[in-house]
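*Asks:* Sequence and predicted structure are below.
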Amino acid sequence: MSLLNCDSWREILGVNKVSVIESVEVDQEADCIIVNVRKRRPTKNRCEICSSNSVGYDQG
């Protein structure tokens, strides 16, 4: 399997530049790929649709 760059993983996973892909692992036993993704810190409390800032945005 060839290594893919970050932009390729973003496209495959459907995540935008607001997200950080922390790691990509291949589990050959389970025949799957494990990807850890998180939001960037400045955008942590922002709506993903309208980008409005709110301290307690969408608790559930």
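*Replies:* Structure received. In this text, all values refer to a predicted model and were calculated from it rather than measured experimentally. Numbers count the residues shown, from 1 in each chain.

*Asks:* so where's this structure shaky on pLDDT?
*Replies:* 1-3, 42-46, 48, 51, 54-60 (pLDDT under 70).

*Asks:* If we use 80, what do you get?
*Replies:* 1-4, 17-18, 40-60 (pLDDT under 80).

*Asks:* Now do the SS call for the residue in it sticking out farthest from the centre.
*Replies:* Distance from the C-alpha centroid of the chain, by Cα atoms, centre = their mean, peaks at residue 29 (23.9 Å). Classification of residue 29 by DSSP: H, G, I helix; E, B strand; the rest coil places it in coil.

*Asks:* Also the one 4 residues further on?
*Replies:* Secondary structure assignment for residue 33 (three-state DSSP): strand.

*Asks:* List the contacts of the spatially most central residue of the chain.
*Replies:* The centroid of the chain falls nearest to residue 37 when counting by Cα atoms, centre = their mean (3.5 Å). Residues in contact with residue 37 (Cβ atoms under 8 Å, 6 or more residues apart in numbering) are 13, 15, 19-22. Glycine gets a C-beta too; all of them are placed from N, C-alpha and C.

*Asks:* from these, which would you call buried?
*Replies:* Neighbour-count burial (16 or more other Cβ atoms under 10 Å) applied to those gives residue 19.

*Asks:* Of the contacts of residue 37, just say which sits nearest to residue 5.
*Replies:* residue 21 (10.3 Å; Cβ to Cβ).

*Asks:* Direction included, what does whichever strand or helix holds that closest one pair up with?
*Replies:* Secondary structure assigned from DSSP states H and E places residue 21 in strand 19-27. Strand 19-27 sits in its sheet next to strand 32-39 (antiparallel), going by DSSP bridges.
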